[in-house]
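In: how would this look folded up:
(one chain, ligands or ions: 2)
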Amino acid sequence: MPILIDEKTCLAGCTICDFFCPGDIIWRESREKAPEVKYPDECWYCGACEDHCPVDAVKVVFPPEMLDCQTPVETLMGLPARRPA
Ligand code: SF4
Ligand code: SF4
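Out: Ligands and ions are numbered 1, 2, ... in the order given. Coordinates of the predicted model:
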């Protein structure tokens, strides 16, 4: 799951994470319950939900492949690779 929502901390009806998610991944079923992560495979890991939650109830969980990426940043940006000095 790309994000975790702490249901005990969540204010449930506030919907701010749902509002700021650019991919419509978060879905609020009702005002009484914490929102659901409806389309986890489509998360961009942008962090907007975590940044805007007023009570820190959202945590973005990066997959190990993203945290341990060995691809040089130039390659990811489509730039020529830097040569070692
Ligand atoms: S990390 Fe970004 S794309 Fe993923 S659920 Fe949060 S706001 Fe949406
Ligand atoms: S922004 Fe935070 S408090 Fe508001 S619904 Fe989302 S998780 Fe709950």
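In: I'd like the distance between residue 32 and residue 52.
Out: Separation of residue 32 from residue 52 (Cβ to Cβ, to the nearest Å) stands at 21 Å. Backbone N, C-alpha and C define where each C-beta goes, glycine included.
In: and the two? Which one has more around it.
Out: residue 52 (14 against 7; other Cβ atoms under 10 Å).
In: residue contacts, the more buried one?
Out: 16, 17, 19, 20 (Cβ atoms under 8 Å, 6 or more residues apart in numbering).
In: now, which of those residues lie within helices?
Out: 16, 17, 19, 20 (DSSP state H).
In: biggest separation within those residues, which pair?
Out: 17 and 19 (7.2 Å; Cβ to Cβ).
In: tell me which parts of the chain are close to ligand 1?
Out: For the chain, the residues in contact with ligand 1 (Cβ under 6 Å from any ligand atom) are 2-3, 20-23, 25-26, 43-49, 60.
In: any of these buried? List them.
Out: Listed as buried from the residues of the chain next to ligand 1 are 2, 3, 20, 21, 25, 26, 43, 48, 49; burial here means 16 or more other Cβ atoms under 10 Å.
In: and the most centrally placed residue in the chain, how far is that from residue 1?
Out: Taking Cα atoms, centre = their mean, the centroid of the chain lies closest to residue 45, which sits 3.7 Å from it. Residue 45 is 12 Å from residue 1, where distance means Cβ to Cβ.
In: and residue 78, by the same measure?
Out: From residue 78 to residue 1 the distance is 30 Å (Cβ to Cβ).
In: quick one: residue 64 and residue 72, what's the gap?
Out: From residue 64 to residue 72 the distance is 19 Å (Cβ to Cβ).
In: which of those two has more residues huddled nearby?
Out: Ranked by neighbour count (other Cβ under 10 Å), residue 64 and residue 72 place residue 72 first, with 11 against 7.
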